[in-house]
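Peer 1: structure, please.
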Amino acid sequence: MSINPTHLSPDVEQALLSRPVKDLPQVIPAQMRRVNNLISRRVNYYSRLNGVEDVTAMHGWILAYLYNCRDREVFQRDIERAFSITRSTVTNILQLMEKKGYIRRMSVPQDARLKRLVLTDAGALAHQQIMLSLRQTDQYISGLLTEEENAELLRLLNKLRAGLE
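Peer 2: Predicted coordinates:
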């Protein structure tokens, strides 16, 4: 008998739907997703405390990218490639970041169509505050486990990442 994973029997479906939320299946992807959501909430909590509540996760990653690439010219296509996101998505993100004052788009003398992305002082400060929030979150999470558990968790996560890449 084969099982079609997209169609559950009525008994199985009813059993899953009637479970309390905390009694959901203990499958690795679901648990990792839940933990990721809780970690994101913790990062957002510390970010609000550090005065950067209007920065999304993607804004934070782009700010970090620009901060780490301050010594070279960065263009929209670099962001598209680095984060594997579409041109229209990057355009919308960059427009919002520019509106918030985190970046400026500056013309390049050799090609007026190209706009170099420049991190503003406000963007650099937001980056520093986001990094502080990430360190605070890491300290909090690390404190929930022993040193050995932290080392084992990192080893297992790296093994999963390597196998999934």
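
Peer 1: report the mean per-residue pLDDT for stretch 113-131.
Peer 2: Across stretch 113-131, the average pLDDT comes to 94.

Peer 1: and it, end to end?
Peer 2: Using Cα to Cα, to the nearest Å, one end of stretch 113-131 lies 33 Å from the other.

Peer 1: have a look at this structure and report the helix or strand with the lowest mean pLDDT.
Peer 2: When each helix and strand of the chain is scored by mean pLDDT, DSSP states H and E, helix 10-18 comes last, with a mean of 65.

Peer 1: state the distance from Leu145 to Leu119.
Peer 2: Distance, Leu145 to Leu119, using Cβ to Cβ, to the nearest Å: 35 Å. Quick note: C-beta positions are derived from backbone N, CA and C, even for glycine.

Peer 1: ok, these two, which is more surrounded?
Peer 2: Leu119 (23 against 12; other Cβ atoms under 10 Å).

Peer 1: wait, isn't that one in contact with Tyr102?
Peer 2: Yes - contact status for Leu119 versus Tyr102: in contact at 7.2 Å, counting by Cβ atoms under 8 Å.

Peer 1: any common contacting residues for those two?
Peer 2: Common neighbours of Leu119 and Tyr102 are listed as Leu63 (criterion: Cβ atoms under 8 Å, 6 or more residues apart in numbering).
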